[in-house]
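[1] need a 3D model of the following:
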Amino acid sequence: MHADKSDTFVLDFRNTVDDIQKAFAPWYETTIATPTDPNLLYDTQHALKQFDVIREEDVPAAIAALEAPRGSAAHGAVYAALDPAVDRFKGLDEDRQAEFRDALTRFINVYSFLSCVV
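    Below you'll find the predicted structure:
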């Protein structure tokens, strides 16, 4: 590990998930070994759609707000673009909110992993 890094990431195309987890077990309580199946991203995206929190029509406004020049109104524009999704999330019961958080975390992790591979 480099001194400026706080996390460890190993990209392994040869070993199985079980082999990787066993190899890291002496040093880490949890080892996340995500398979390199690109369909995993679509599967996790599909799981997110079932909650109807993030909708396709909300995405362009959120992207425009994120890409806008930074200034005092920039944060407000981002929050305003995300408000519909936040309201839909708040409309879920606690169990569904927890399930959505898990699905969103899986999507972010898979996306991050696959972007490193690509």
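
[2] low pLDDT regions in the chain?
    Judged against pLDDT under 70, the low-scoring parts of the chain cover residues 1, 8-10, 13, 31, 33-36, 38.

[3] which helix of it spans the most residues?
    Secondary structure of the chain per DSSP state H: the longest helix is helix 94-117.

[4] correct me if wrong: residue 107 contacts residue 42.
    No - using Cβ atoms under 8 Å as the test, residue 107 is too far from residue 42 to be in contact (10.2 Å). For every residue, glycine as well, the C-beta is placed using N, CA and C.

[5] residues of the longest helix of the chain that come out buried?
    Residues of helix 94-117 classed as buried: 100, 103, 104, 106, 107, 110, 113 (neighbour count, 16 or more other Cβ atoms under 10 Å).

[6] just stretch 71-78 next, same as before
    Buried residues in stretch 71-78 (16+ other Cβ under 10 Å): 77, 78.

[7] and the buried residues of helix 94-117, which two are furthest apart?
    Farthest apart among the buried residues of helix 94-117 by Cβ to Cβ are 100 and 113. That separation is 20.3 Å.
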